[in-house]
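Participant: only geometry, no sequence info:
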């Protein structure tokens, strides 16, 4: 191989096996987020507009640093309530690179919520957009000069849709969603397959332990037919309404540390570091994730208290 390390060669082989449309592998996959509780709209469109203010969140993730061809993900979400807070509109954008593959996702989100109590709501959400995917096999280096088997560039532009439901109060939230209803792949096909649905269940809350100390436990479960169930269990703490400290465990072999600064009720900066506990830890130095979030009042309304979810 012309690649400089055996590891790089191994990554290319894996990518060929996983991404080649000749093998017809399902290319529908979901980005991984450690700070899912700060990026709710990507998981469940029913969260659109629930912060009762214009919300802007940017996230950047570098997974498995040091591993050639590792996933690099960047997302941006913007959403706001409309029509007396009964509805929400939002836009979510994702860019991800994995080896010789790149994808861009653009979704418009809509939600409608019903007041079920003094401080409780039941919301329903829909999302629709496009997946723009590309695999450039010309970037694969082999021991054959201008190898004709690896000159092809594959493109796939496919529509997709999502659906979600969530219930929340000022101290608790729970939701279930299917972010993608269509099964798409790099052979330019998209089909409706119920057995390919990826279900997300997210539950969490805020617990006041002391005047200046709160706990925010949360759980995210991912399920798909004929595959092991995945879950992320997270415990965050908020000290003096300023400092977030937390830990997270992912049963696919990751332990994470989270630290965030609540600069004001409107602005949050949060960082997480994932420790890989599987055999893959030999080949990488962990994963980094940074979240920037801002809330903006409207119609003279000010953000006077921290939004916990």
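Facilitator: Looks like it arrived, so ask away. Here the structure is a predicted model, which is why all the values come from computation and not from measurement.
Participant: The residue nearest to residue 117 when sequence neighbours are not counted: neighbour count?
Facilitator: Leaving out its chain neighbours, the residue that sits closest to residue 117 by C-beta to C-beta, 6 or more residues apart in numbering is residue 169, at 7.4 Å. Every C-beta, even on glycine, is put in place using the N, C-alpha and C of the backbone. Applying other C-beta atoms under 10 Å, we find 15 residues neighbouring residue 169.
Participant: With residue 194 instead?
Facilitator: 9.
Participant: who touches it in this structure?
Facilitator: Contacts for residue 194 (C-beta atoms under 8 Å, 6 or more residues apart in numbering) come out as none.
Participant: Relative to residue 210, how far out is the residue nearest to residue 117?
Facilitator: Residue 169 is 21 Å from residue 210, where distance means C-beta to C-beta, to the nearest Å.
Participant: Point out where this protein drops to low pLDDT.
Facilitator: 1-29, 137-151, 185-189, 298-301, 304 (pLDDT under 70).
Participant: Centroid-nearest residue for it?
Facilitator: residue 33 (4.6 Å; C-alpha atoms, centre = their mean).
Participant: Residue 200 versus the closest residue to that one other than its chain neighbours, what's the distance?
Facilitator: Nearest non-adjacent residue to residue 33, counting by C-beta to C-beta, 6+ apart: residue 39, 5.4 Å away. Residue 39 sits 12 Å away from residue 200, taking C-beta to C-beta as the criterion.
Participant: ok, now residue 59?
Facilitator: Taken as C-beta to C-beta, the span from residue 59 to residue 200 is 16 Å.
Participant: Neighbour count for the two, which is higher?
Facilitator: residue 59 (24 against 21).
Participant: In contact with that one, which residues are there?
Facilitator: 33, 35, 38, 39, 73, 74, 75, 76, 289, 290, 291, 292.
Participant: Ok, residue 261 next?
Facilitator: 242, 243, 244, 268, 269, 270.
Participant: Tell me the spacing between the second one and residue 261.
Facilitator: With the distance defined as C-beta to C-beta, residue 243 ends up 7 Å from residue 261.
Participant: ok, now the third one?
Facilitator: The spacing between residue 244 and residue 261, counted by C-beta to C-beta, is 7 Å.
Participant: what touches both of the two?
Facilitator: Common neighbours of residue 244 and residue 261 (C-beta under 8 Å, 6+ apart) are 268, 270.
Participant: got the contact list for stretch 285-301?
Facilitator: Contacts for stretch 285-301 (C-beta under 8 Å, 6+ apart): 33-35, 38-39, 51, 53-66, 80, 254, 260, 265-276, 303, 307.
Participant: swap that for stretch 238-250, please
Facilitator: Residues contacting stretch 238-250 (C-beta under 8 Å, 6+ apart): 34, 212-216, 230-237, 254-262, 265, 268, 270, 272, 274, 306, 308.
Participant: What ranges does the protein have for its helices?
Facilitator: Here the chain has its helices, by DSSP state H, at 6-19, 40-43.
Participant: before we move on, the earlier item: mark which of the contacts of residue 261 are part of strands, please.
Facilitator: Per DSSP state E, strands hold the following members of those: 243, 244, 268, 269, 270.
Participant: Return the member of those nearest to residue 133.
Facilitator: Within those, proximity to residue 133 (C-beta to C-beta) peaks at residue 270, which comes in at 29.1 Å.
Participant: burial count for that closest one?
Facilitator: Neighbours of residue 270 (other C-beta under 10 Å): 22.
Participant: wait, it sits on residue 257?
Facilitator: No. Residue 270 lies out of contact with residue 257 (C-beta atoms under 8 Å); the separation is 11.4 Å.
Participant: about what we covered before: check contacts around the residue nearest to residue 33.
Facilitator: So residue 39 contacts 33, 57, 59, 75, 77, 291 (C-beta under 8 Å, 6+ apart).
Participant: One more: residue 269?
Facilitator: Under the criterion of C-beta under 8 Å, 6+ apart, the neighbours of residue 269 are 260, 261, 263, 290, 291, 292, 293.
Participant: beta partners for it?
Facilitator: residue 261, residue 292 (DSSP bridges).
Participant: Now do it against residue 115, distance only.
Facilitator: 32 Å.
Participant: Provide a list of residues in contact with residue 98.
Facilitator: 15, 69, 70, 71, 72.
Participant: what about the nearest residue to the second one once chain neighbours are set aside, distance to residue 67?
Facilitator: So that's residue 69. In this structure, residue 69 finds its nearest non-sequential neighbour in residue 99, 3.5 Å apart by C-beta to C-beta, 6+ apart. If you measure residue 99 against residue 67 using C-beta to C-beta, the figure is 10 Å.
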